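> coords please:
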Amino acid sequence: MGSLRLPRCEITFNIGLSEDDAYRGSQLAFCGMFYAEDHRKHSFTYQHRRGWCVVHCGKHRHGALDIDSGERASLIIWTKSRSFRRTQARRSGGGPCARPKKVR
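Below is the predicted model of the structure:
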């Protein structure tokens, strides 16, 4: 596995602040989890909505797609757990986010 960098947070909250018609594009594309064989394989794309919050594990590989027009604002909250960071589970890629589930 080499020297794969550990995620900087355990859980991320991404809250949409912009009106839905204020921009086009800029969705969040999610892939697999860090440490997994499919960590670069696209799994789904999330379209931001004002007032909605997407919550995901810090180990869930993701990125914002290009914005086509307008401006998008989000409130991002990253959480950290000092006690979890000291565990072997975190260093080995396990822990509370080891098996992600898509919520509908």
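
> From now on I want contacts and neighbour counts done on CA atoms only, so please keep to that.
Fine.

> all strands for the chain, in order.
Along the chain, the segments classed as strands by DSSP state E run 11-16, 23-25, 28-33, 44-46, 53-57, 60-64, 67-70, 74-79.

> Would you format the ones you listed as a markdown table with mean neighbour count included?
Listed next are those as a markdown table, based on neighbours: other C-alpha atoms under 10 Å:
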| stretch | mean neighbour count |
| --- | --- |
| strand 11-16 | 18 |
| strand 23-25 | 15 |
| strand 28-33 | 19 |
| strand 44-46 | 13 |
| strand 53-57 | 18 |
| strand 60-64 | 18 |
| strand 67-70 | 11 |
| strand 74-79 | 13 |
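
> between the ones you listed, which gets nearest to Arg85?
Using C-alpha to C-alpha as the measure, strand 74-79 is the one of the strands of the chain that comes nearest Arg85, at 11.6 Å.

> Next, the angle from that closest one to strand 11-16.
Orientation check (axes from the mean of the first three to the mean of the last three C-alpha atoms, to 10 degrees): strand 74-79 against strand 11-16 gives 170 degrees.

> Tabulate the strands of the chain (a markdown table), appending distance to Arg85 and mean pLDDT.
Putting those into a markdown table (distance: least, C-alpha to C-alpha, whole Å; pLDDT from 0 to 100) gives the following:
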| stretch | distance to Arg85 | mean pLDDT |
| --- | --- | --- |
| strand 11-16 | 13 | 93 |
| strand 23-25 | 35 | 96 |
| strand 28-33 | 17 | 90 |
| strand 44-46 | 28 | 93 |
| strand 53-57 | 14 | 91 |
| strand 60-64 | 17 | 89 |
| strand 67-70 | 34 | 96 |
| strand 74-79 | 12 | 93 |
